[in-house]
Each structure stands twice: as C-alpha cells, then as structure tokens.
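Asks: Turn this into a structure:
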Amino acid sequence: MRLVLAFALFWVSVNLANADSPRGDAIADLIAVNDRFNAAAAAHDADALVGLYADETLWIAEGEPVSVGLKGPRELFEFVTANKGDVTHTIDHLFVSDDASLAVMIGSVDARIETMGMDATGTYLFVLRPDDDGWEIVTDMWHQHKAQ
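Replies: Prediction:
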C-alpha cells in the first residue's frame with residue numbers, strides 16, 4: 001500500500017511540475033491557437049486566419065512547390081470564406097520542445113464548401129514558434145485524403 005501511495009504522490013508531483021513548466025503552458029496556448037483557427041473559420045474571417053501565420057510562413061500545398069509568405073494562406077482562406085466554407089481542425093498529435101521554443105501540431109481537417117460540392121477530409125501539419133502575441137504558424141503543410 002505504501003508503495004502505491006508513494007508512486008501516486010510521485011506521479012502527481014511530476015505532472016504538477018510539468019503543468020507549470022514552459023512546455024505545459026505552451027500546450028494550453030497551442031490548443032488555444034487551434035481554437036482560434038476554428039473560430040475564425042466558422043466566422044468566415046480570412047484576415048483572422050491569416051493573422052495566425054508568420055509573415056515568412058513556409059506554405060506547402062498539395063501538388064505545389066513550397067512558397068514563402070502569406071500569399072498561399074491568404075488565397076486559400078479568402079476563397080474558403082468567400083464561399084462560406086466550413087473548415088475545422090482537430091489536433092491528433094502535439095509535440096513541444098522542452099524549452100517551448102518550437103512546436104509541431106498534426107491533425108485532421110474537415111472541409112466542406114457546399115456551393116462547390118466539396119466535402120473532404122485531410123491532414124495538416126503546422127510548425128509553430130512563440131512570438132510576442134503567443135504562437136504563430138511558421139510552416140503549414142496539408143493534403144486532402146482520397147475519396148473513399
């Protein structure tokens with residue numbers, strides 16, 4: 001019984017220490033970035049979506065060479081929002097460096113644009129870094145899954 005109690009106290013202390021670490025704080029902040037992405041997409045707010053990205057973002061779109069800057073995200077989000085598309089991201093994997101200076105978020109995308117007859121799923125990968133206002137996306141790579 002003492003061994004179980006000692007292990008439980010050790011486990012709680014390790015998890016509480018991690019929750020107060022830069023990495024623990026970053027996880028909550030990164031989940032908030034995903035929530036802001038989904039809220040901006042639901043509001044059809046292309047400017048708010050683009051505002052999540054660094055000016056020098058690496059944009060890796062399916063079937064295209066990598067581009068640098070905000071042109072790729074702006075074109076996609078203006079198209080989606082102008083057509084009242086419904087886009088949501090879920091987080092399936094989240095990796096944060098020990099010093100919370102870099103993060104990788106990988107997840108699922110559901111995208112529907114009724115006016116275009118589009119109902120698709122996909123996978124996204126974000127690389128994020130902290131900035132003065134929280135976290136910003138510095139790399140966005142995505143692909144659409146094949147229709148089943």
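Asks: Helices along the chain, start to end?
Replies: 2-19, 22-42, 46-50, 71-82 (DSSP state H).
Asks: looking at the ones you listed, which has the lowest confidence?
Replies: Within the helices of the chain, the stretch with the lowest mean pLDDT is helix 2-19, showing a mean of 41.
Asks: What strands flank the longest strand seen in the chain, and is each parallel or antiparallel?
Replies: The strand that spans the most residues within the chain, counting by DSSP state E, is strand 118-131. Strand pairing for strand 118-131, determined by DSSP bridges: strand 103-113 (antiparallel), strand 134-144 (antiparallel).
Asks: The last one: which residues count as buried?
Replies: Applying a neighbour-count criterion of 16 or more other C-beta atoms under 10 Å, one finds W135, E136, I137, V138, T139, D140, M141, W142 buried in strand 134-144. From N, CA and C alone the C-beta is placed, and that goes for glycine too.
Asks: Using a markdown table, lay out the strands paired with strand 118-131 together with mean pLDDT and distance to K71.
Replies: Formatted as a markdown table, the strands paired with strand 118-131 follow (pLDDT from 0 to 100; distance: least, C-beta to C-beta, whole Å):
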| stretch | mean pLDDT | distance to K71 |
| --- | --- | --- |
| strand 103-113 | 95 | 20 |
| strand 134-144 | 94 | 12 |
